[in-house]
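The following comprises the amino acid sequence and a computationally predicted model.
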Amino acid sequence: MDNITKKVAEEIEKGWIGPDKSCSYHPCHFEGQDCTFCFCPFYPCLDDDFGRNTVSKKGADIWECTFCLFIHRPEVGKFVMSEFRRLGITDPKDPAIRAVFENAKRRFHTKGRALMILGATSDAGKSITVAAICRILHNRGYLVAPFKSQNMSLNSKVTRKGHEIAMIQTIQSKAAGLKNPDQHMNPILLKPKGDMISQVMVEGESYGDYNVEDYYGKFVPGQGIDIVKRNVDFLKGRYDFVVMEGAGSPAEINIYDRDIANIGAAKIAGAPCILVVNVEWGGAFAYAVGTVKLMPEEDRGRIKGIILNNIRGDISKLSSGARELERILGIPVMGLIPHISMELPLEDSEALRGMKSRGNGSMTIAVIKLPRIANFTDLDPLYMEDTTVRFVTDAEELEDSDAIIIPGTKNTIDDLIWLKDKGLDRAIIGKRGKIPILGICGGYQMMGRRLEDPNGIEGSDPGSFEGLGLFDNITRWGEYKKKVVQDEGTLLHTGEPITGYEIHMGMSEVNEEPLFNIKRFSGDEKEGSVREGDMLFGTYLHGILEKPAFRRFFLSHVKGGKAVLSVSEPKDYDDLIEENIRKLSSEFESNMDVDRLIRIMEGEP
Amino acid sequence: MNILFLGTSSGAGKTTVTALYCRHLSKKGVKTAPFKASNLSLNSFVTKEGHEIGMGQAFQAWASGTEPSGDMNPILLKPSGNGTIQLVVNGEAVDDISGCRPADRSLMMTEAYGAFDRLSERYEAVVCEGSGSPAELNLMDRDIANTGLMRERGVPAILVGDIERGGVFAALYGTWFLMPEDIRPLLKGFIINRFRGDPSILGEAIGRISELTGMRFVGIVPYMELKFPEEDSMSDTGGRLEGDTMIDAFLANLDSLIEAAGISGFDIGAIDDISSSRGHLYGPDYGIVGKQCVHRNGPLFRHE
């Protein structure tokens, strides 16, 4: 505490500084944050609106306010400092500080408002609409958080606190200008395991496996509603606006009364709703009318606007139809959004289904399409390079490939058995030393010598399994333990920065030269395996291809790859996402009635 | 006897269901022809008489056990880039149309319905496929292949909804709701296409749609992967298919789809009722039974 008091005293002496762009961590919370009080002068405020009492790892009672952004709001930082000056407060222990806190809270703390973006179908464009609205509101100076109560996706990402949430919410949070997405933004994540069973993650942690019947029959009416309520309330208490995303169609009348992802969530959050309809396939007006008309009358009033999305060609062709739709439903069409071409991985659901290849570049990268493939957004940065990514399920398809990637999987053992049944194991081993081979997470585990699962934690049957033997590593699932962590470090070969995240059960005994140095609070760690002579690479790090360092290092081993890479600049995937968010939000801003949207969010009837 | 299959969107499965019903009728010994008044497609087929028609109608003709002819697709619109569309009427290119040079709608209607009448004379059954969604508020007054055909020739219709994207109940109800009142009674039934999983989960919702609209539930068509040449490889043939093997494979696949649909409770007899008795509104039908469907991977063929 003494240390913090000292820091606060220094802050008070220094005076108002606004955003501190000279700080290497800036912005540690959100773009535009006020850094005057890096250490909060009100700590511990003991106000339930800002934090909570908890017990630390060491067993001490502490006041925890990790997610509070109040003191970093530009207007708050400025006001508090000017009050300190006006009242002559210089001592962090001055009892007059409490009055400043109460005063600041009275002036600036209001409960946030929520808005729900519903889609008439899957892939209606809900995700991009949420991202665009987050950015537009952020640009207008609001503090905004994305939210999706329930997401079914195999593409998850790890938060700074080690929680797992859907990838798409992390992108939306970036659109909102936030540095650290957290578990409240996607409190329920369903990761399909096959056979109609999903692993249910609650607030970023594994909760259990459910089939469809038990999920809707037991989980949703039981804890489901509480989970949605406490998380959306949490965000409303800290942000000006919470932009919520629905799931699928809100008019699935066979499960309507058990829905906590669409109207159900909107009711819990007290949110007005906007319905997004994808025009591309035709029938958009029917989808819009049917969606609204099938809802019970008392819910229809929640729909305050309609957005017609993904219009190719001349937008004005739709305006007569849009006016007619307004007349029929009595709901304004608030936006006519053109088709926007993007490289964002925004269709997260099952966009890989049926896909044979992507891109049209000179380097052909064969990706083994494991039946339980997971975190396949890992591959997205490859499209920034001159590559064709080919999804492969048969050995012959590897023949003329320039590199192989074995991706992550929801179940390493079962997919290893599949790999062997398909003869892909021999085909991959046959490529050793001829073309580069990269294993990520589950794929990396498969590349080892043995995989030991004595208790059947990973696979359906317990046992010890022979790996591909490309590395002299052994992976063990001795106990039920999951590693979920963000990683930052360097590629050992070049010293260039890399980032990634790990989500895995099973720990590996590594007997190979490592690939990366990972920085941790507890000290540096080595990660991954490499045999450069044989062009073998393996790592637990998802997202490892996002920064150019390793992506280019790997591709430079492709025959002729160095020459191909030399004609383009190395690019950070994060920058590409930022470019796309800007493009997206500016198209929405020019084609949507933003002022009306804000009035709706503020409660216009 | 006539029937028109309408889709709640493009790619809803009209082409497949039309082919499926053509096959069913021809197996029953009914002399059958497919018909699509107008078709926007780059994939065309050239008939023995040298007429250019949509590829889908050629396959549907083979499913009917008959030779493809120009009347089966009297109007073909072939996008030629730069916003220009080549207009093919009765198998021959007649004009280039664009936004500032629209087609002569009354001429197109005369030609389209004339072709339909000729088919009706020569065949016992004409199985029609609509185009896109029939409920486009900005296009409805100019429609030829959907509401136009219903109004001009009184053809009863069945709606095909695609469940894969979600929102199928909204799509079915919304399409019905937006139909002009004079032809709404011709919407007799609905089909849910590309279903996977256990159909019992849909139970009450299907009853509700029947109750709200008076449309009879015909059944679900399961999601199937059918070994069938993809669109690209079809166009490799330059629009003309040599030999019968591909057609045989196609027919075999169609038969397996009919069988799978039957197992899922698809009531093809209901379509027979609708196509042969006009003006009768059916009550709700809860008749779905079924088993787990297999995880499959693609539509029979997709054409728009």
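Happy to help now that I have it.

so for stretch A:188-197, what's the average pLDDT?
Stretch A:188-197 shows a mean pLDDT of 86.

can you give me the helices for the stretch 51-200 of chain A?
A:74-87, A:96-108, A:126-139, A:167-175 (DSSP state H, counting those that start in this stretch).

Hmm, I typed the wrong one, I wanted chain B.
Using DSSP state H, the helices of chain B run over residues B:14-27, B:55-63, B:105-122, B:147-153, B:168-178, B:203-213, B:231-236, B:245-263, B:268-276.

do you know which of these lies nearest chain A?
Among these, helix B:168-178 comes nearest to chain A, with 2.6 Å by CB to the nearest CB. C-beta here means a position set from N, CA and C on the backbone, and glycine is covered the same way.

Does that closest one reach chain A?
Yes: under the criterion of CB under 8 Å from any CB of the partner chain, helix B:168-178 makes contact with chain A via B:Phe169, B:Ala170, B:Ala171, B:Leu172, B:Tyr173, B:Gly174, B:Thr175, B:Phe177, B:Leu178.

Against which helices or strands is that helix packed?
Packing contacts for helix B:168-178, counted by 3 or more CB pairs under 8 Å, 6 or more residues apart in numbering or on different chains; DSSP states H and E, involve helix A:284-294, strand B:157-162, strand B:187-195, helix B:203-213.

Give me the angle between that helix and helix B:203-213.
0 degrees (axes from the mean of the first three to the mean of the last three CA atoms, to 10 degrees).

can you redo the helices of the stretch 51-200 of chain A as a markdown table with mean neighbour count?
Conversion of the helices of the stretch 51-200 of chain A to a markdown table gives the following (neighbours: other CB atoms under 10 Å in any protein chain shown):
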| stretch | mean neighbour count |
| --- | --- |
| helix A:74-87 | 17 |
| helix A:96-108 | 15 |
| helix A:126-139 | 26 |
| helix A:167-175 | 26 |
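
Turn those helices into JSON lines, including distance to chain B and mean pLDDT.
Converted to JSON lines, the helices of the stretch 51-200 of chain A look like this (distance: least, CB to the nearest CB, whole Å; pLDDT from 0 to 100):
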{"stretch": "helix A:74-87", "distance to chain B": "41", "mean pLDDT": "96"}
{"stretch": "helix A:96-108", "distance to chain B": "41", "mean pLDDT": "96"}
{"stretch": "helix A:126-139", "distance to chain B": "11", "mean pLDDT": "96"}
{"stretch": "helix A:167-175", "distance to chain B": "17", "mean pLDDT": "95"}
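
Switch the ones you listed over to a markdown table; also include distance to A:Gly51.
Shown next, in a markdown table, are the helices of the stretch 51-200 of chain A (distance: least, CB to CB, whole Å):
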| stretch | distance to A:Gly51 |
| --- | --- |
| helix A:74-87 | 15 |
| helix A:96-108 | 13 |
| helix A:126-139 | 24 |
| helix A:167-175 | 21 |
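
Residues contacting stretch A:447-460, please?
Stretch A:447-460 is contacted from outside by A:406, A:411-414, A:416-417, A:437, A:439, A:445, A:462-480, A:505-506, A:508, A:529, A:536, A:538, using CB atoms under 8 Å, 6 or more residues apart in numbering or on different chains.

gap between the two ends of it?
Using CA to CA, to the nearest Å, one end of stretch A:447-460 lies 20 Å from the other.

Pull up the pairing partners for the helix or strand harbouring A:Val389, direction included.
Under the criterion of DSSP states H and E, A:Val389 resides in strand A:387-392. Here strand A:387-392 has these sheet partners by DSSP bridges: strand A:357-358 (antiparallel), strand A:363-368 (parallel).

Please compute how far that strand lies from its chain's middle.
24 Å (CA atoms, centre = their mean, to the nearest Å).

Name the residues of it that come out as buried.
By neighbour count on 16 or more other CB atoms under 10 Å in any protein chain shown, the buried set for strand A:387-392 is A:Thr387, A:Thr388, A:Val389, A:Arg390, A:Phe391, A:Val392.

Give me the number of neighbouring residues for residue 161.
Defaulting to chain A. By the criterion of other CB atoms under 10 Å in any protein chain shown, A:Lys161 has 14 neighbours.

was after chain B, sorry
Residues near B:Gly161, counting by other CB under 10 Å, number 30.

Relative to B:Ile209, how far out is it?
Counting by CB to CB, to the nearest Å, the gap from B:Gly161 to B:Ile209 is 9 Å.

Need the overlap of contacts for those two.
Common contacts of B:Gly161 and B:Ile209, defined by CB under 8 Å, 6+ apart, comprise B:Phe169, B:Leu172, B:Phe190.

ok, and the most crowded of these?
B:Leu172 (30 neighbours).

Any idea what the residue lying closest to that one once chain neighbours are set aside is bridged to?
Closest residue in space to B:Leu172, ignoring its immediate chain neighbours: B:Gly161 at 4.7 Å, by CB to CB, 6 or more residues apart in numbering or on different chains. Here B:Gly161 sits in beta bridges with B:Ile192, going by DSSP bridges.

what's near enough to touch B:Gly161?
B:Gly161 touches B:Gly7, B:Thr8, B:Ala12, B:Val168, B:Phe169, B:Ala171, B:Leu172, B:Phe190, B:Ile191, B:Ile192, B:Asn193, counting by CB under 8 Å, 6+ apart.
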